[in-house]
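Undergrad: Provide a 3D model corresponding to the input given below.
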Amino acid sequence: MVEILSRLGGGQLADVLTLTVLVGLGLVMGVVITVATLIAQYHERQLATSLILEMLDRGMSAEDIVRVLSAAGLKGRQEKLASLRQRLRQRLSTLGSEPAKPTPDE
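TA: This is a model prediction of the structure:
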């Protein structure tokens, strides 16, 4: 490695160092963006969970909860909403609040 660097002239060495720094910064930025995205998703899930639990405590039906979550920005995630609807119904049926019944999209 030292031999390769010693063969380079001053301008070429500066180019190699600049390229190395830019690649390193790009990698660091990629890691920071990934971690920030994961943290934001975690907080979003925490908020959604607390919202769901609060709505369950208020006695809302599974359809009402899914409607609220859909209005809150989950539109376009039909598989997740169907899964959420099924889990809410199971939870409500264990609490005795609402009988479990299948929906057309399950």
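
Undergrad: tell me what the longest helix seen in the chain is packed against?
TA: In the chain, with assignment by DSSP state H, the single longest helix is helix 10-57. In terms of contacts (3 or more CB pairs under 8 Å, 6 or more residues apart in numbering; DSSP states H and E), helix 10-57 is packed against helix 62-69, helix 78-95. In this view, the C-beta of every residue, glycine as well, is placed from N, C-alpha and C.

Undergrad: same thing but at 10 Å, please
TA: helix 2-7, helix 62-69, helix 78-95 (3 or more CB pairs under 10 Å, 6 or more residues apart in numbering; DSSP states H and E).

Undergrad: phi, psi of Met60?
TA: Phi and psi for Met60, reported as degrees, to the nearest 10, are phi -70, psi 150.

Undergrad: burial count for it?
TA: For Met60, the count of nearby residues is 19 (other CB atoms under 10 Å).

Undergrad: can you start the count at 10 instead of 1 from here on
TA: Okay, residue one is now 10; in that scheme the one you just asked about reads as Met69.

Undergrad: ok, and the closest non-adjacent residue to it?
TA: Using CB to CB, 6 or more residues apart in numbering and skipping the chain neighbours, the partner closest in space to Met69 is Val77 (7.7 Å).

Undergrad: please report the distance of the one you found from Ala91.
TA: 16 Å (CB to CB, to the nearest Å).

Undergrad: so where is this structure shaky, pLDDT-wise?
TA: Scanning the chain for pLDDT under 70 picks out the ranges 10-11, 14, 82-90, 105-115.

Undergrad: can you list the domains in it?
TA: 10-55, 68-115 (automatic domain parsing).

Undergrad: can you lay out those domains as CSV showing distance to Ile61?
TA: As requested, those are exported to CSV (distance: least, CB to CB, whole Å):
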stretch, distance to Ile61
domain 10-55, 10
domain 68-115, 6
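
Undergrad: most tightly packed of these?
TA: Highest mean neighbour count among these (mean count of other CB atoms under 10 Å): domain 68-115, with a mean of 14.

Undergrad: so who does the residue nearest the centre of the chain touch?
TA: Closest residue to the average C-alpha location of the chain: Gln50 at 3.5 Å, with CA atoms, centre = their mean. Shown in contact with Gln50 (CB atoms under 10 Å, 6 or more residues apart in numbering): no residues.

Undergrad: no further queries at this time; thank you.
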